[in-house]
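1. A predicted structure for the sequence below; I have some questions about it.
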Amino acid sequence: MVNFMVRNFFIRKILLVCKVLVKGNHLSRHKRAITLLSKTLLSVTILINFISIVPVHAQQDELPVYVVQSGDTLSSIALRFNIIPDELASINGIDDPNLLAIGTRLKIPGLEGITGILTTQVVPFGTTLNSLSRQNRLDKNALIKLNKFTSPAEAFAGIKMVIPIEDDTPALNPIAPLASGQSLLELSAINQSNPWILSYLNSIDGTWDALPYELLYRLPDDQAQMTTALPDVLNIEIDSLPLVQGETVVIRINTNDTLNIKAEVAGKSLHFFSETTNEYIALHGISAIAEPGAFPFNLQVTPESGQTYEFEQWVLVAPGFYDNDPEIYVDSKYVDADTIAIEMETYENIISPTTPTRLWDGQFSPPVGEPICIRGWFGNRRSYNDGALLYYHTGIDYGVCADLNIYAPAKGIVVYADELIIRGNAIIINHGWGVYTGYWHLSEFQVSVGDEVEPGQLIALVGNTGRSTGPHLHCEVRVNGTAVNPLTWLGKTFP
């Protein structure tokens, strides 16, 4: 039997035909209506066979199930689904909430119309609430209720959403969206799909009601290819969601054509580079003092046709959980606001160019020899001379636990080797693609501006110059102008 949704879908189509039949007596109108009626009835026949092989979420008394994850408690699960802990314990026969084991399947009451396994998924960039509901064949309003959204726009990239999944109902595969001026019939022909089935799967009133650049889905098959709602953009990948304070993020865009790409995160421009055909990569740093929350990510692509297409989604930034350092006391000239501002402007001018050649390869190596001892951690909040916590530590402080040698962590070109007031004797190396490393408080330079350095090459000796309370190396990594955690670059290969 065709389910209630499909029946109503075709009743609307047949009523539309009947309206055409009774509206006037022109013969051509009758012919057109009869043709439309024939096609509709034929599609009913196709869909009856289709429904018989595609599982439909039946209305039943079976409760949805949540699988207990690491860190869950009975109270946190009850709060997530807006129920009373005692009610949750009672319906699942739990006598001792403290014995709740990971992997336990809990029945969740109070979610009328929702069945299946309640899974937690991180929303990827490029996915909207509308596309999530289509891909998983779910009611959008049910998703809003389940995740306590007040607006569909709250499906931020990086947010964890609860999505009910039926074991026997695989997610649909995306297909390229309608181009401007293209009909659903044309798109169906290209993808060898039935237009009425596409309408049903995507909750569209009819083949005439599909909108350009709106992501559509079809039944899973081996031919499907991941796509986005942007023309010629096959896939957009952000390597780590949610974004985290103080960390480096890699954005990859795969295309089937040469594109001009512009993007902004929280108003800061990204720079895309390409090493392989039709793949574009941008590296971006999230400030360690960025406010946790959602920020707009705007993406614009311009194919060779010259028409620009735009997509915007809010992206979640999670806290990095940084500590407060003990109070630091230095000469007052090192905390003078004007001095700090002038030196920072000089520094930013040096690291602003984004050269298109990536010089490094693989993970960065430590800038000092073993044994390695760290005296100051990245991101920690700092106060000088009993002032407010106005500063944060932009790098890693290495103590002198081996020799005084400082080594280049990766291939690059020296773009600065001179004295600064705050940073003391300083070296800055450009590694390409907007990635720079800095080395402060040095005693001696072993390289000059313009030198190309290799990984492990001696570049300087540890010192105690500038705003320093003892011999040490301050080493920092800047990505797209922002200081990021250097230890991440020692443990992970970018891009």
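-> Yep, that arrived.

2. quick one: low-confidence parts of the stretch 101-250 of the chain?
-> Counting by pLDDT under 70, the stretch 101-250 of the chain shows low-confidence ranges at 167-170, 206-208, 221-227, 229.

3. do that again at 90, thanks
-> 110-116, 119-121, 124-155, 160, 164-235, 240 (pLDDT under 90).

4. again, but for the stretch 251-400 of the chain
-> 256-258, 266-267, 276-278, 303-311, 387-390.

5. show me where it has strands.
-> Secondary structure of the stretch 251-400 of the chain by DSSP state E, counting those that start in this stretch: the strands cover 260-265, 268-269, 273-276, 279-285, 293-302, 309-318, 374-376, 381-382, 391-392, 396-398.

6. Quick check: which of those strands is buried the most?
-> For the strands of the stretch 251-400 of the chain, the largest average neighbour count (mean count of other CB atoms under 10 Å) is found in strand 396-398, namely a mean of 23. Backbone N, C-alpha and C define where each C-beta goes, glycine included.

7. Give the rounded mean pLDDT of the next helix or strand after it.
-> Sequence order places strand 405-407 as the next helix or strand after strand 396-398, per DSSP states H and E. Here strand 405-407 scores 98 as its mean pLDDT.

8. can you redo the strands of the stretch 251-400 of the chain as TSV with distance to residue 66?
-> Shown next, in TSV, are those (distance: least, CB to CB, whole Å):
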stretch	distance to residue 66
strand 260-265	33
strand 268-269	38
strand 273-276	42
strand 279-285	35
strand 293-302	25
strand 309-318	22
strand 374-376	41
strand 381-382	38
strand 391-392	39
strand 396-398	41
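
9. Pull out the buried positions in stretch 404-415.
-> 404, 406, 407, 408, 409, 410, 411, 412, 413, 414, 415 (16 or more other CB atoms under 10 Å).

10. out of these, which one sits closest to residue 153?
-> Ranked by distance to residue 153 (CB to CB), the buried residues of stretch 404-415 are led by residue 410 at 40.4 Å.

11. show me what contacts residue 107?
-> Applying CB atoms under 8 Å, 6 or more residues apart in numbering to residue 107 gives the contacts 63, 64, 65, 91, 92.

12. sorry, back to before: residue 100 is nearest to which of the strands of the stretch 251-400 of the chain?
-> The nearest among these, by CB to CB, is strand 309-318 at 25.4 Å.

13. Report all helices and strands that that closest one contacts.
-> Applying 3 or more CB pairs under 8 Å, 6 or more residues apart in numbering; DSSP states H and E, we find strand 309-318 packed against strand 243-244, strand 293-302.

14. Looking at these, spot the one closest to residue 133.
-> Comparing the helices and strands packed on strand 309-318 by CB to CB, strand 293-302 comes nearest, at 20.3 Å.

15. what angle sits between the closest one and strand 309-318?
-> Between the axes of strand 293-302 and strand 309-318, defined by axes from the mean of the first three to the mean of the last three CA atoms, to 10 degrees, the angle is 160 degrees.

16. Show me which of the contacts of residue 107 is closest to residue 264.
-> residue 64 (38.8 Å).

17. you'd agree the closest one is up against residue 118?
-> Yes - judged on CB atoms under 8 Å, residue 64 makes contact with residue 118 at a distance of 5.2 Å.

18. list residues touching both of the two?
-> 108, 164.

19. mind listing the helices for the chain?
-> 4-22, 27-53, 74-80, 85-91, 129-135, 140-146, 184-190, 195-201, 337-351, 486-491 (DSSP state H).

20. How about the contacts made by residue 466?
-> 334, 420, 421, 422, 423, 424, 425, 426, 440, 441.

21. Distance of the last one relative to residue 398?
-> Between residue 441 and residue 398 the distance is 10 Å, computed by CB to CB, to the nearest Å.

22. Show me the common contact partners of the two, please.
-> 462, 472, 473.

23. tally of neighbours for the last one?
-> By the criterion of other CB atoms under 10 Å, residue 473 has 25 neighbours.

24. same thing with the one 10 residues further on?
-> Applying the criterion other CB under 10 Å, we find 22 residues in the vicinity of residue 483.

25. Residue 189 now?
-> Close neighbours of residue 189, defined as other CB under 10 Å, add up to 11.

26. isn't residue 74 right up against residue 84?
-> No - in this structure, residue 74 is not within contact of residue 84 by CB under 8 Å, at 10.4 Å.

27. list the contacts for residue 159?
-> 122, 123, 242, 316.

28. let me fix that: residue 130
-> Residue 130 touches 140, 152, 214, counting by CB under 8 Å, 6+ apart.

29. tell me the contacts of the nearest residue to residue 271 once chain neighbours are set aside?
-> Setting aside the residues directly before and after it, residue 271 is nearest to residue 354 in space (CB to CB, 6 or more residues apart in numbering), at 4.5 Å. Taking CB under 8 Å, 6+ apart, we find residue 354 in contact with 271, 433, 434, 480.

30. in terms of contact, does the first one touch residue 282 like I think?
-> Yes - taking contacts as CB under 8 Å, residue 271 lies within contact range of residue 282: 5.9 Å.

31. Common neighbours of these two, please.
-> Common neighbours of residue 271 and residue 282 (CB under 8 Å, 6+ apart) are residue 480.

32. what's the domain layout of the chain?
-> For the chain, automatic domain parsing gives the domain ranges 1-53, 239-318, 332-491.

33. now the ones you listed in a markdown table, with distance to residue 69?
-> Formatted as a markdown table, the domains of the chain follow (distance: least, CB to CB, whole Å):
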| stretch | distance to residue 69 |
| --- | --- |
| domain 1-53 | 33 |
| domain 239-318 | 17 |
| domain 332-491 | 25 |
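
34. how about those, which one is nearest residue 80?
-> With respect to residue 80, and counting by CB to CB, the nearest of the domains of the chain is domain 239-318 at 17.2 Å.

35. what about the closest one, how long is it end to end?
-> End-to-end span of domain 239-318 (CA to CA, to the nearest Å): 15 Å.

36. what's the answer for stretch 238-257, then?
-> First-to-last residue span, stretch 238-257, CA to CA: 20 Å.

37. Likewise for stretch 303-317?
-> Its first and final residues considered, stretch 303-317 spans 30 Å by CA to CA.

38. Ok, stretch 407-417 next?
-> 14 Å.

39. for stretch 156-176, same thing?
-> Where stretch 156-176 begins and where it ends lie 22 Å apart, using CA to CA.

40. repeat for stretch 132-147
-> For stretch 132-147, the end-to-end distance is 13 Å (CA to CA).

41. in it, what's buried?
-> Here stretch 132-147 shows 132-140, 142-144, 146-147 as buried, counting by 16+ other CB under 10 Å.

42. Equivalent analysis for stretch 362-379, please.
-> Buried residues in stretch 362-379 (16+ other CB under 10 Å): 364, 366, 367, 368, 376, 378, 379.

43. who's in contact with residue 95?
-> residue 89.

44. Kindly report the same for residue 361.
-> 410, 411.
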